[in-house]
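Q: Okay, sequence plus prediction incoming.
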Amino acid sequence: MLYALALIPVSLVPAALGQAGWLYFGVALVSGFLFLGLGVAVAFTRSREKAHRFFLASVLYLPLLLITMTLERFLA
């Protein structure tokens with residue numbers, strides 16, 4: 001859960017440095033808080049279903065950010 005919390009500001013660094021724009025910032029912020037929420041749910045419920053959702057989110061999180069950053073470059 002702490003790693004999910006630390007992931008939010010780290011994922012916003014490209015936008016803060018000007019390497020990504022507002023679309024990336026929004027997607028990173030929303031997906032980071034969703035990821036954190038799933039981590040909190042797993043920590044409190046310890047259910048297999050929530051753990052599976054958290055794992056799936058962890059697999060999709062980085063590709064989502066990279067695709068957003070790439071699309072933003074092509075759309076700008």
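A: Perfect, thanks for sending it.
Q: Show me what the lengthiest helix in the chain is packed against.
A: In the chain, taking DSSP state H as the definition, the longest helix is helix 48-75. Helices and strands touching helix 48-75, as assessed by 3 or more CB pairs under 8 Å, 6 or more residues apart in numbering; DSSP states H and E, comprise helix 22-45. C-beta: built from backbone N, CA, C; applies to glycine.
Q: quick one: the helix it packs on to helix 48-75, angle?
A: 170 degrees (axes from the mean of the first three to the mean of the last three CA atoms, to 10 degrees).
Q: Check which helices and strands helix 22-45 is in contact with.
A: helix 2-11, helix 13-16, helix 48-75.
Q: which of the residues in that helix are buried?
A: For helix 22-45, the neighbour count (16 or more other CB atoms under 10 Å) marks 24, 25, 27, 28, 31, 32, 35, 36, 38, 39, 41, 42 as buried.
Q: Report pLDDT for the last one.
A: Right, the one you point to is residue 42. According to the prediction, residue 42 has pLDDT 94.
Q: wait, what's in contact with it?
A: Shown in contact with residue 42 (CB atoms under 8 Å, 6 or more residues apart in numbering): 1, 50, 51, 54.
Q: Can I have the buried ones of those residues as a PyMOL selection?
A: Only the buried entries of the contacts of residue 42 go into this PyMOL selection, using 16+ other CB under 10 Å:
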select buried, resi 50+54
